[in-house]
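> Give me the fold of what follows.
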Amino acid sequence: MAEIATLADAVGELVADGDVVALEGFTHLIPVAAGHEIIRQGRRDLTLVRMTPDIVYDQLIGAGCARKLVFSWGGNPGVGSLHRFRDAVENGWPRALEIEEHSHAGMANRYVAGASGLPFAVLRGYVGTDLASVTASIKPITCPFTGEVLTAVPALNPDVTIVHAQRADRRGNVQLWGLLGVQKEAVLAARRSLVTVEEVVDELTPVPGAVVLPSWAVTAVAEVPGGAHPSYAQGYSERDNAYYAAWDAISRDRDGFGAWVERIREAAA
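Okay, the predicted model is just below:
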């Protein structure tokens, strides 16, 4: 059964220096508060994994938490570039960042392979692209039945996956709904998992289309109302578009970003 813990205790127990860490969520239910707690606790040398790294990964990279990024697209959605990400890649500040780039389909299939206990996934998604020439983890493979040349990508099994959801019960069963990404697959693929939720309730009320992560698949649950901000949690909060716009100016300047980091470090979890 999943443990109910505070965010600080859960991150302190589950996320270690050098870990492979996935914070998943697609536009919606992004575990931003958990990312800030990782910054607050000063984790280092992380390999960050995410299908669509946006501003929370910009923040983690700029704070010096990451040594590598495994991803399929990166940007400040609706605004522009991730300037701390760019600074790390182009100038090695605050440290050099290794990158491993995939397609969306490639990343999703890697999580599925990891969740399925398979060593790799096979897909057609890279045919006609040059990603294989710059990413060593993309390899051609010949179908033994048809002779068709396809692409293989290795399974993703993060040390810890962190997601945000609407609610959990007191046994640690998690319920999420709305615009979803690969949260279920990323949790099932991980060695450990943390789910931050808007609320912990006595009983989960059925919701059409909801995904339930059973308690046995989750290591820890932390009640963190607003834990997805500035992204949103359907039924609980709306997207804070102004925050995304404001982040562009904050992240462009190293000193301005440094002041932001200090505010995060001083804030209570």
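
> Now do the strands in the stretch 51-200 of the chain.
66-71, 98-101, 120-123, 139-142, 149-154, 160-169, 174-176, 192-201 (DSSP state E, counting those that start in this stretch).

> Most tightly packed of those strands?
strand 160-169 (a mean of 27; mean count of other CB atoms under 10 Å). C-beta coordinates here come from the backbone N, C-alpha and C atoms, glycine included.

> so how far is that strand from its chain's centroid?
12 Å (CA atoms, centre = their mean, to the nearest Å).

> What helices and strands are in contact with it?
strand 20-23, helix 32-40, strand 174-176, helix 183-189, strand 192-201 (3 or more CB pairs under 8 Å, 6 or more residues apart in numbering; DSSP states H and E).

> Can you add distance to S116 and give those back as TSV?
As requested, those are arranged in TSV below (distance: least, CB to CB, whole Å):
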stretch	distance to S116
strand 20-23	16
helix 32-40	26
strand 174-176	20
helix 183-189	8
strand 192-201	16
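
> Could you dump those into JSON lines and include mean pLDDT and distance to G258?
Formatted as JSON lines, the helices and strands packed on strand 160-169 follow (pLDDT from 0 to 100; distance: least, CB to CB, whole Å):
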{"stretch": "strand 20-23", "mean pLDDT": "98", "distance to G258": "22"}
{"stretch": "helix 32-40", "mean pLDDT": "98", "distance to G258": "12"}
{"stretch": "strand 174-176", "mean pLDDT": "98", "distance to G258": "34"}
{"stretch": "helix 183-189", "mean pLDDT": "98", "distance to G258": "31"}
{"stretch": "strand 192-201", "mean pLDDT": "98", "distance to G258": "26"}
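
> Neighbours of A228, how many?
Neighbour count of A228, defined by other CB atoms under 10 Å: 30.

> Return the distance of it relative to E101.
Separation of A228 from E101 (CB to CB, to the nearest Å): 26 Å.

> quick one on the thing from earlier: go through the strands of the stretch 51-200 of the chain and name the closest to T129.
Taking CB to CB as the criterion, strand 149-154 is the member of the strands of the stretch 51-200 of the chain that comes nearest to T129, at 9.3 Å.

> Redo the strands of the stretch 51-200 of the chain as CSV? Include distance to Y236.
Listed next are these as CSV, based on distance: least, CB to CB, whole Å:
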stretch, distance to Y236
strand 66-71, 27
strand 98-101, 33
strand 120-123, 33
strand 139-142, 42
strand 149-154, 35
strand 160-169, 6
strand 174-176, 11
strand 192-201, 5
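
> follow-up on the earlier one: and the helices and strands packed on strand 160-169: which comes nearest V70?
Using CB to CB, these put strand 20-23 closest to V70, at 8.1 Å.

> so what secondary structure elements neighbour the closest one?
With contacts taken as 3+ CB pairs under 8 Å, 6+ apart, strand 20-23 sits against helix 32-40, strand 46-50, strand 160-169.

> Cool, thanks, signing off.
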